[in-house]
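A.B. asks: Sequence and predicted structure, then a few things I'm wondering about:
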Amino acid sequence: QMLMNQNGSVIAASSQRKYAFNAIFTKSTHAGRSILADVLQMDGNSLSSFEQITDTWQPDPNKNSNDLLDSKSYMKVLLESTFTLAPAGHNPE
């Protein structure tokens, strides 16, 4: 089953998405994030997931000089995931 958004783009039903969850965050913005990163590492990928966890926050994910996920790729991962892990932290913006 497919869903369509207001722009006419197709969005896969959650049961058909590539990833059970995604974890895209920086460890340095809250101690709990480091703990979550450790738990995810111990899990051994029992579920399909997309994980990109960085040590330090950087202001521009679209800058070519860093290894962060750019905005377009980030949106794609969100649409391909059933759940998004959002651990406590603070938004430096």
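C.D. replies: In hand now; what should we look at? Numbers count the residues shown, from 1 in each chain.

A.B. asks: Show me what the longest strand along the chain is packed up against.
C.D. replies: Ranked by number of residues, the top strand in the chain under DSSP state E is strand 19-26. If contacts are counted by 3 or more Cβ pairs under 8 Å, 6 or more residues apart in numbering; DSSP states H and E, strand 19-26 sits against helix 31-43, strand 49-54, helix 71-79, strand 81-84. Heads up, the C-betas are built off the backbone N, CA and C, glycines and all.

A.B. asks: Tell me which strands that strand pairs with, and in which orientation.
C.D. replies: Applying DSSP bridges, strand 19-26 is found paired with strand 49-54 (parallel), strand 81-84 (parallel).

A.B. asks: Format those strands as CSV; extra columns: distance to residue 24.
C.D. replies: Below are those laid out as CSV (distance: least, Cβ to Cβ, whole Å):
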stretch, distance to residue 24
strand 49-54, 5
strand 81-84, 8
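
A.B. asks: Take those and write them to TSV, including mean neighbour count and distance to residue 75.
C.D. replies: Below are the strands paired with strand 19-26 laid out as TSV (neighbours: other Cβ atoms under 10 Å; distance: least, Cβ to Cβ, whole Å):
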stretch	mean neighbour count	distance to residue 75
strand 49-54	17	12
strand 81-84	16	11
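
A.B. asks: Ok, which of those strands comes nearest residue 38?
C.D. replies: The closest of the strands paired with strand 19-26 to residue 38 is strand 49-54. By Cβ to Cβ, the value is 9.9 Å.

A.B. asks: Can you tell me what sits against that closest one?
C.D. replies: 18-27, 33, 37, 40, 67-69, 77, 80-81 (Cβ atoms under 8 Å, 6 or more residues apart in numbering).

A.B. asks: cool, stretch 9-25 as well?
C.D. replies: With Cβ under 8 Å, 6+ apart as the test, stretch 9-25 has contacts from 1-5, 33, 36-37, 40, 47-54, 69, 74, 77-87, 89.
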